[in-house]
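>>> model this:
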Amino acid sequence: MYKLYELTRDFLKVKEMMFDEDVNIETIENTLDCIDCLIEEKADNYAKIIQDINDTTVSIENEIARLKQRKEMLQKRSDKLKENLKNSMEATGKTKFSTTLYSFSIRKNGGLQPLKIDADVKDIPEQYLIPQPPKPNMDAIRKALKEDTLPFAHLEERGTSLSIR
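Next up, the predicted model:
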């Protein structure tokens, strides 16, 4: 069975033969037709493999989403059980004890004390704000380049892609 790169190489060789006066044009046409058929058959096989890979990636994405949902659900249950236990311990005043398997205690959270901003950002003095670096507006630049040239930007050629339906 021919490999795609071999068929491409052969096709290019036959195209070069078009410039050779000693080669019969009918031979060239027949050879090109044969290579075209083989390339089309190879393309069909490539498309089957590509479709199978794409189907598999969709299945994997769906499974990831399902597992993520399950993880979130289990985490919420765990958090709810922990909160129920904490509330019960606080309500009964039993905030520290040990069993044969675990030790339980309620303590204050560490780290930075929580902060809540009560005002609008515009009402906060500048010394308490973090300046943001400027960011180019790509849509505005693209729109301007359609009408005029800009010294700091240009539109590049669009790439190509293979479409299989």
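>>> geometric centre of the chain: which residue is closest?
Among the residues of the chain, the one closest to the centroid is residue 61, at 10.8 Å (CA atoms, centre = their mean).
>>> which residues sit in contact with the spatially most distant residue from the centre of the chain?
With distances taken from the mean C-alpha point of the chain and given as CA atoms, centre = their mean, the most distant residue is residue 22, at 54.1 Å. Listed by CB atoms under 8 Å, 6 or more residues apart in numbering, the contact set of residue 22 is empty. Quick note: C-beta positions are derived from backbone N, CA and C, even for glycine.
>>> make sure the residue nearest to the centre of the chain is indeed in a strand.
No - the assignment for residue 61, made by DSSP: H, G, I helix; E, B strand; the rest coil, is helix rather than a strand.
>>> just read off the phi/psi values of residue 119.
Comment: the main-chain dihedrals of residue 119 come out as phi -120, psi 170, following degrees, to the nearest 10.
>>> do you know how far it is from residue 129?
12 Å (CB to CB, to the nearest Å).
>>> with neighbour numbers in mind, choose between these two.
More neighbours sit around residue 129 than around the other of residue 119 and residue 129, counting by other CB atoms under 10 Å; the figures are 10 against 7.
>>> gap between that one and residue 137?
Separation of residue 129 from residue 137 (CB to CB): 22 Å.
>>> low-confidence stretches in this protein?
Per-residue confidence of the chain (counting by pLDDT under 70) places the weak regions at 162, 164-165.
>>> now the helices for it?
Taking DSSP state H to define them, one finds helices in the chain at 4-17, 25-92, 138-147.
>>> then the shortest one to PDB, C-alphas only?
Think helix 138-147. Presented in PDB, the C-alpha positions along helix 138-147 are these (Å, rounded to 0.1, in the frame of the first residue of the first chain):
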ATOM      1  CA  MET A 138      -7.400  44.400  18.900                       C
ATOM      2  CA  ASP A 139     -11.000  44.900  17.400                       C
ATOM      3  CA  ALA A 140     -10.500  48.700  17.000                       C
ATOM      4  CA  ILE A 141      -7.100  48.200  15.400                       C
ATOM      5  CA  ARG A 142      -8.400  45.600  13.000                       C
ATOM      6  CA  LYS A 143     -11.300  47.900  12.100                       C
ATOM      7  CA  ALA A 144      -8.900  50.900  11.500                       C
ATOM      8  CA  LEU A 145      -6.600  48.700   9.400                       C
ATOM      9  CA  LYS A 146      -9.500  47.900   7.000                       C
ATOM     10  CA  GLU A 147      -9.800  51.600   6.200                       C
END
